[in-house]
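K.L.:
Sequence first, predicted coordinates after that:
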Amino acid sequence: MQPVRPEFAPDPALDRAEMESLQREIAETATFADDLSVDPLDPHTLVAGVDQGFSDGTATSAIVVTRGGNVVERVHARVDTEIPYIPGLLSFREGGAILAALDELSTDPDVFMFDGSGRIHFREAGLATHIGVMLDAPALGVAKNLLCGQPRESLDEPLPEGTRVPIEADGEVTAPDGTVIGHAVQSRQYDSGNRYINPLYVSPGHRLSAETAADIAEHCCDGYKLPEPTRLADAHAADVSRK
DNA sequence: GCGACAG
DNA sequence: ATCTTGTCGC
């Protein structure tokens, strides 16, 4: 599939100021409220997991489309790595590979699930927001670490499975202080023991509310910390990346 | 100058 | 993200 808004393509040749400027424009275009044509939790909904792997000088993007737990389509594409990882500018490093993989996709997913942040971003324009706005499709970001923002409650102590803690905007985020830009979602936890699992950081990318984004991520989990679409894309990316 | 940072 | 075996705990 092709982007609906190619003018928002993450060009790695831009300088830092231009990248940040583009992100501000993308954030203004993004919608952080539900705007879907289907029920995202319905078993018929097509959810696409997107993840990248790096090896040598190439970035590999893998997309796995699922429908009620079954794999509907699986594609990948490789592209030369253009720039290094810079916190806040991830979409400019991984976007090219993602667009190449999307070009291979014949399915038309209802929701896109990206590895990384959406609205939980300094300028509210993380990877999930950037690609989601380009496609003008419902998108969310699932990250393993918190980029910015302030948890409403301490996350120092292990949380029970199913717990959800709002992440609010603070001085380092463009949104007004206190705005809920995402959630820490404890998708899985050990019943007892010494070890514990960290929560996921889920945020809306485009056309989804913070609550619905968390609902989708949680709904897609099947016994593991990561939601299935992300897990499958993760495995496929790693699989085809170093070969 | 200090601090803090997805993958 | 990536470099990497065994090891601890359920």
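P.N.:
The structure has been received and is ready for your questions.

K.L.:
For DNA strand C, what's its nearest residue on chain A.
P.N.:
Proximity of chain A to DNA strand C (Cβ to the nearest atom of the strand) peaks at A:Gly193, 2.9 Å away. Glycine gets a C-beta too; all of them are placed from N, C-alpha and C.

K.L.:
Is there a neighbour count for that residue? I'd like the number.
P.N.:
6 (other Cβ atoms under 10 Å).

K.L.:
Please apply the same query to the one 3 residues further on.
P.N.:
By other Cβ under 10 Å, the residues close to A:Tyr196 number 12.

K.L.:
My guess is it contacts A:Gln189. True?
P.N.:
Yes - the criterion here is Cβ atoms under 8 Å, and A:Tyr196 meets it with A:Gln189 at 6.7 Å.

K.L.:
picking that back up, per-residue pLDDT, the residue of chain A closest to DNA strand C?
P.N.:
As predicted, A:Gly193 sits at a pLDDT of 72.

K.L.:
ditto for A:Ser241
P.N.:
89.

K.L.:
in what helix or strand does the nearest residue to it once chain neighbours are set aside lie?
P.N.:
Closest residue to A:Ser241 apart from its sequence neighbours, by Cβ to Cβ, 6 or more residues apart in numbering: A:Gly53 at 3.2 Å. According to DSSP states H and E, A:Gly53 maps onto strand A:46-55.

K.L.:
and the next element down the chain from that strand?
P.N.:
Taking DSSP H and E, what comes next after strand A:46-55 is strand A:58-67.

K.L.:
elements contacting that following strand?
P.N.:
strand A:46-55, strand A:70-80, helix A:90-104, helix A:228-241 (3 or more Cβ pairs under 8 Å, 6 or more residues apart in numbering; DSSP states H and E).

K.L.:
So which of these is nearest DNA strand B?
P.N.:
Comparing these by Cβ to the nearest atom of the strand, helix A:90-104 comes nearest, at 3.4 Å.

K.L.:
In PDB, list the C-alpha atoms belonging to that closest one.
P.N.:
Taking C-alpha atoms only, helix A:90-104 is exported to PDB below (Å, rounded to 0.1, in the frame of the first residue of the first chain):
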ATOM      1  CA  LEU A  90      13.400   7.400  15.400                       C
ATOM      2  CA  SER A  91      10.900   7.600  12.500                       C
ATOM      3  CA  PHE A  92      13.600   9.200  10.300                       C
ATOM      4  CA  ARG A  93      15.900   6.200  10.900                       C
ATOM      5  CA  GLU A  94      13.300   3.400  10.500                       C
ATOM      6  CA  GLY A  95      10.600   5.100   8.300                       C
ATOM      7  CA  GLY A  96      12.300   4.300   5.000                       C
ATOM      8  CA  ALA A  97      12.300   0.500   5.600                       C
ATOM      9  CA  ILE A  98       8.700   0.600   6.900                       C
ATOM     10  CA  LEU A  99       7.500   2.400   3.700                       C
ATOM     11  CA  ALA A 100       9.300  -0.200   1.600                       C
ATOM     12  CA  ALA A 101       7.700  -3.000   3.500                       C
ATOM     13  CA  LEU A 102       4.300  -1.300   3.300                       C
ATOM     14  CA  ASP A 103       4.700  -1.200  -0.500                       C
ATOM     15  CA  GLU A 104       4.900  -5.000  -0.500                       C
END
